[in-house]
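> Prediction below, plus the sequence it came from.
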Amino acid sequence: MLLAIVMLAAVISTVVWYTSEKARTLKVGMLCYLYWGASLMWLVDSIYEYIELRAEFFTPATADMINDAFLGFSVLVLGLVIWTVYFLIKDPMGVIKNIDNEKAKKAVSKKASANE
């Protein structure tokens, strides 16, 4: 379940990144790297678990499936949080820089008007 959730997120983010110029501007490629890396990690984990469990691998308990789904959604959210922080640091559209510039201009104009 975990592998399926993360791979689905990786495929969706890759399709969005590939088809949209705005997505490339918004650094969605970083999100693709995060999800594909997690997918690869859990693919290797699944292979080793299959080697260990054999047929039992295909009949997991309900509690295990719920735990895997919860972990999968947690990974999706963590990936989005990491991407958001990365996006805010890079500020590709200059939004944060513009806010700082506007505040500085207002402070300068207040100071100039106070001096007059």
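Yep, that arrived. All values reported here derive from a predicted model rather than from experimental measurement.
> if you average pLDDT over whatever helix or strand Tyr35 lives in, what comes out?
Using DSSP states H and E, Tyr35 sits in helix 28-53. Per-residue pLDDT values over helix 28-53 give a mean of 93.
> Give me the distance between that helix and the centre of its chain.
When distances are taken as C-alpha atoms, centre = their mean, to the nearest Å, helix 28-53 is centred 15 Å away from the chain's centroid.
> elements contacting it?
Applying 3 or more C-beta pairs under 8 Å, 6 or more residues apart in numbering; DSSP states H and E, one finds that helix 28-53 contacts helix 2-19, helix 62-90. The way it works is simple: take the backbone N, C-alpha and C, and place the C-beta from them, glycine included.
> try 10 Å this time
The contact analysis (3 or more C-beta pairs under 10 Å, 6 or more residues apart in numbering; DSSP states H and E) places helix 28-53 against helix 2-19, helix 21-25, helix 62-90.
> And the contacts of whichever helix or strand comes after the last one?
Right, the one you point to is helix 62-90. Scanning forward in sequence from helix 62-90 by DSSP H and E, the next helix or strand is helix 95-115. With contacts defined as C-beta atoms under 10 Å, 6 or more residues apart in numbering, helix 95-115 is touched by 88-91, 94.
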